[in-house]
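Enquirer: here is the input, now give the coordinates:
(2 chains)
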Amino acid sequence: MNEHRHKVRDVSVRVRRDGKGPPLVYLHGPAGLPEWTPFFVQLAQAHEVMVPEHPGFGTSDNPAWIRNVGDVAMYYLDFLDGLNAPRVHLVGHALGGWIAAEVAVRNAARLASLTLIAPAGLRQKGLPAGDNFIWSPEETVRNLFYDQSFAEKMLAHVPSEEEADLALTNRFMAAKLGWEPRWFNPALERWLHRIPVPTLVLWGADDKFLPSQYVERWRARVPDVTVEILPQCGHLPQVERADATAARIVRFLKGNAS
Amino acid sequence: MKFTFFHLMPYRPLDMAARHQHRAGWVVLPNELYDPKRGADEYQSYIDQLVYAEELGFDIIAVNEHHQTAYGLMPAPNLIASALIQRTRRAKIAILGRALPLVNNPINIAEEFAMLDNLSKGRIITGFVRGIGNEYHATGINPYFSHERFQEAHDLIVAAWTRPGPFPFEGEHYNLRYVNLWPRPYQTPHPPIWIPSMGSSETIRWAAAPERKYTFLVTFSGRDLVARYLNLYREQAKEYGYEASPDQLGFASPLYVAETDERAQEEARAGIETLFNDFLAVPWEMLMPPGYTSLPSMKNTMKMRKALGAKKRHSLEELMESGTVVVGSPRTVREHIERLREATGANHLVTMLQFGVLNDELTKRNMELFASEVMPHFRD
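Expert: Model (predicted):
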């Protein structure tokens, strides 16, 4: 895996990249740029995987003009135009899934397919998202997993000062984008019929942050949609069920070669 | 020196054991714990106390705004201010303050303050605040835009008070084709604006600016911080090229006076300790939502907090030691105020003489002793 800066217009972001094959861009969730875990290693065996750190997160630039998820989606349209690839498979988790969907409804010319893992962006009345902004750090970690041994492992890690600073930066940006309305855009659901590419929606059955029941709204609105629910799995299928999640995505993308 | 009698209006009948089954006395505290019959009695007692403060010679009586909490029963402080106007004649009435970023149309605040100013024939002092972090959970307003919304709402309200209408206001958060206030404020150019704050350098720089010169009020902080922030304000004013007047500086503190130090401590203990540990205490995530302060100041606060170690209950002794609360004989209380006045040059003392579960009888005695044994000593 290598890391570089990618600049589009006035915004420079950090990008991690590895692998060979049809290009795949992964948009991360509200916690920020993920570690290069076995999930990415597995994806990189079949794809050229690029993981940008969103503007405003971590060490990426935070331009004042990015004020909401719609602005981030417009940024990523520029980002995709700047790649040396006619089309990419776009994958997003949580906040990243929301951004990916906002990209796809605006302009899917650069997309070969869309994969959404427990995406934010929609709501279901009567079933609000978990309040990640009120949870304590320990509660947050516990609520991310079905299998608490993952939580224990994460809680045992004492973050360095640098890691804590980055986490705070990411939390600020997550609030900027997701606080109100809480993790959704009321207009997005109206435009999901504009997604013209094959779409896979993956969800952990036991997601305590974004309930897996939300999947029905995506199923009802996205034209060419495949839904996969992973049993006994929380909000991070790419961590808690890394093998199964990566394998499912690779299989889906094989069927939809760009 | 000028004296303000300030009230939070806590819900004293709160079942404290039940309260501690929840993460805070705010936002998530089930409102089944509020009994309207007892709550109505609380309002009556508190309004009587505010009215009595005028009789005792306080210059200003003051209310404030908090939402979804047993800590303070004034989500709409202007309603109380309106009642106080009808029951008082002389005292100024301060609303310290309204939380500007929490509303979607700040004109409502401009209108209400203008009405109060007319109803009272110019006895209103306004306070502009951002609300504490909890309030962003309670209202859903994005804390990331708190500072932006505060600035913009402030500009809109002051323009509405001072510029001939109708005129358009074109902002980022607020856009109005017609700004045209009826009624206009009674005072010219507008009611005084105070800035109650826990003290941040950005706020101090802004409040002290020559085009504003807003009275800066350090709220519920230890004596060292009070001195530090008020002196920062004075230095900032000097940098702007003027000398801050004593009326631009104030501090707010819970105070309790009794015949002796021992008696004062005994009588104030439950009130002070419930104020800080039961009513006010909230987890970090509620108090400091992301974006509520700038990233560097949030990082500093987190480091300070880490250094201080795990949270525990505050004792009366600790709070007295830091000077966050002032409890003692008239002499003890006078000495504390004298020291802070000397150290800061402040002319405004905002007293909170009812706090936590302190009952009506002790509150009344506290008010009377403060008015007879402390206040006269500082009259110019």
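Enquirer: and B:M320, how many neighbours?
Expert: 21 (other CB atoms under 10 Å in any protein chain shown). Glycine gets a C-beta too; all of them are placed from N, C-alpha and C.
Enquirer: against B:H314, how distant is it?
Expert: As for B:M320, its distance to B:H314 is 10 Å (criterion: CB to CB, to the nearest Å).
Enquirer: got it, and A:N143?
Expert: From A:N143 across to B:H314, the span is 30 Å (CB to CB).
Enquirer: and if you look at B:E262?
Expert: Using CB to CB, one gets 20 Å for the distance from B:E262 to B:H314.
Enquirer: who has more neighbours, the two?
Expert: Legend: neighbour count by other CB under 10 Å for B:E262 and B:H314, higher for B:H314 (18 against 11).
Enquirer: who's in contact with the closest residue in space to the more buried one that isn't next to it in sequence?
Expert: Setting aside the residues directly before and after it, B:H314 is nearest to B:F276 in space (CB to CB, 6 or more residues apart in numbering or on different chains), at 4.6 Å. Listed by CB atoms under 8 Å, 6 or more residues apart in numbering or on different chains, the contact set of B:F276 reads B:H314, B:L319, B:G356.
Enquirer: give me every residue that touches the spatially most central residue of chain B.
Expert: To find the centre residue of chain B, average its C-alpha atoms and take the closest one (CA atoms, centre = their mean): that gives B:L96, at 4.7 Å. B:L96 is in contact with B:F6, B:A62, B:V63, B:N64, B:I125, B:G127, B:V129, B:W194, B:P196, B:L217, B:V350, counting by CB under 8 Å, 6+ apart.
Enquirer: I'd like the distance between the last one and B:I125.
Expert: Distance, B:V350 to B:I125, using CB to CB: 11 Å.
Enquirer: where do the contact lists of those two overlap?
Expert: Between them, B:V350 and B:I125 share these contacting residues under CB under 8 Å, 6+ apart: B:A62, B:L96.
Enquirer: which residues touch the closest residue to chain A within the stretch 251-380 of chain B?
Expert: Among the residues of the stretch 251-380 of chain B, B:P290 lies closest to chain A, at 3.9 Å counting by CB to the nearest CB. Residues in contact with B:P290, defined by CB under 8 Å, 6+ apart, are A:F133, A:L168, A:R171, A:F172, A:A174, A:A175, B:P143, B:Y144, B:M298.
Enquirer: from what I can see A:F252 touches A:V201, true?
Expert: No. Counting by CB atoms under 8 Å, A:F252 does not reach A:V201; the two are 10.4 Å apart.
Enquirer: kindly report the residues of the stretch 101-250 of chain A close to chain B.
Expert: By the rule CB under 8 Å from any CB of the partner chain, the part of the stretch 101-250 of chain A lying against chain B is A:133-136, A:164-165, A:168-169, A:171-172, A:174-176, A:179-180, A:182.
Enquirer: and which of those residues is nearest A:N2?
Expert: Ranked by distance to A:N2 (CB to CB), those are led by A:T169 at 22.7 Å.
Enquirer: rewinding a little: so which of the contacts of B:F276 comes closest to A:E53?
Expert: The shortest gap between A:E53 and any of the contacts of B:F276 belongs to B:H314, at 40.8 Å (CB to CB).
Enquirer: run through the residues that contact the closest one.
Expert: Contacts for B:H314 were tallied using CB under 8 Å, 6+ apart; they are B:E273, B:F276, B:N277.
Enquirer: mind giving me the packing neighbours of the worst-scoring helix or strand of chain B on mean pLDDT?
Expert: Per-element confidence for chain B was summarised using mean pLDDT, DSSP states H and E. The lowest value among helices and strands belongs to helix B:295-308, with a mean of 80. For helix B:295-308, the elements it packs on are helix A:161-178, judged by 3 or more CB pairs under 8 Å, 6 or more residues apart in numbering or on different chains; DSSP states H and E.
Enquirer: what about dumping the CA coordinates of the helix it packs on to PDB?
Expert: The C-alpha coordinates for helix A:161-178 follow below in PDB (Å, rounded to 0.1, in the frame of the first residue of the first chain):
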ATOM      1  CA  GLU A 161      -1.800  12.100  21.100                       C
ATOM      2  CA  GLU A 162      -1.600  12.300  17.300                       C
ATOM      3  CA  GLU A 163      -4.300   9.700  16.900                       C
ATOM      4  CA  ALA A 164      -6.500  11.500  19.400                       C
ATOM      5  CA  ASP A 165      -6.000  14.800  17.500                       C
ATOM      6  CA  LEU A 166      -6.900  13.200  14.200                       C
ATOM      7  CA  ALA A 167     -10.000  11.600  15.800                       C
ATOM      8  CA  LEU A 168     -11.100  15.000  17.000                       C
ATOM      9  CA  THR A 169     -10.600  16.600  13.600                       C
ATOM     10  CA  ASN A 170     -12.700  13.800  12.100                       C
ATOM     11  CA  ARG A 171     -15.400  14.200  14.700                       C
ATOM     12  CA  PHE A 172     -15.700  17.900  13.900                       C
ATOM     13  CA  MET A 173     -16.100  17.200  10.200                       C
ATOM     14  CA  ALA A 174     -18.500  14.400  10.900                       C
ATOM     15  CA  ALA A 175     -20.700  16.800  12.900                       C
ATOM     16  CA  LYS A 176     -20.400  19.400  10.100                       C
ATOM     17  CA  LEU A 177     -21.800  17.000   7.600                       C
ATOM     18  CA  GLY A 178     -24.000  14.800   9.700                       C
END
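Enquirer: cross the contacts of B:L96 against strands and list the overlap.
Expert: Among these, DSSP state E puts B:F6, B:A62, B:V63, B:I125, B:G127, B:V129, B:W194, B:P196, B:L217, B:V350 in strands.
Enquirer: measure the fifth one to A:A242 for me?
Expert: For B:G127, the distance to A:A242 equals 53 Å [CB to CB].
Enquirer: quick one on the thing from earlier: now neighbour count and distance to A:A151 too, for the contacts of B:P290, in CSV please.
Expert: Below are these laid out as CSV (neighbours: other CB atoms under 10 Å in any protein chain shown; distance: CB to CB, whole Å):
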residue, neighbour count, distance to A:A151
A:F133, 21, 19
A:L168, 15, 21
A:R171, 22, 19
A:F172, 22, 24
A:A174, 25, 20
A:A175, 22, 23
B:P143, 26, 27
B:Y144, 23, 28
B:M298, 19, 25
